[in-house]
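Got a predicted model here, sequence first, then my questions.
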Amino acid sequence: MNEIKEFCKKYELTEDQFYGREKIAGSLDLSSVTSLPEGFNPNVRRNLDLSSLTSLPESFNPTIGENLDLRSVTSLPENFNLTIDGDLDLCSIQERYHCHQYGQ
């Protein structure tokens, strides 16, 4: 089983959801994930929690309907491009981005 199939099985995603071809109806809690397989580009209707992740794959370009938590990410890929309708938490990159804590 390859890395993407294992990731999908562990987090109960379809491959279409992994690649963003199928929208995830609610929120996606991946707060325990410390690394993402290349190609992960979800389309999440509500919130995506990646709060334990410290770096992003080069191809990470998700679509998020509400909030994206990347509080532990220390740098962004050069071509980082996302679509988000809510808050983006990048507290570990304070020198470049305003740090917003959820609920404040």
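Happy to help now that I have it.

hey, where'd the strands end up in this structure?
28-29, 43-44, 48-49, 63-64, 68-69, 83-84, 88-89 (DSSP state E).

Indicate which one of these is closest to Leu13.
Shortest distance between Leu13 and these, using CB to CB, is found for strand 28-29: 8.0 Å. (Each C-beta comes from the backbone N, C-alpha and C, glycine too.)

elements contacting that closest one?
Counting contacts by 3 or more CB pairs under 8 Å, 6 or more residues apart in numbering; DSSP states H and E, strand 28-29 packs against strand 48-49.

Let me know how buried the residue lying closest to Thr74 once chain neighbours are set aside is, in neighbour terms.
Spatial nearest neighbour of Thr74, excluding adjacent residues (CB to CB, 6 or more residues apart in numbering): Ser92 at 5.0 Å. For Ser92, the neighbour count with other CB atoms under 10 Å is 15.

Check Cys8 too.
With other CB under 10 Å as criterion, Cys8 counts 20.

about what we covered before: can you tell me which residues contact the residue nearest to Thr74?
54, 71-74 (CB atoms under 8 Å, 6 or more residues apart in numbering).
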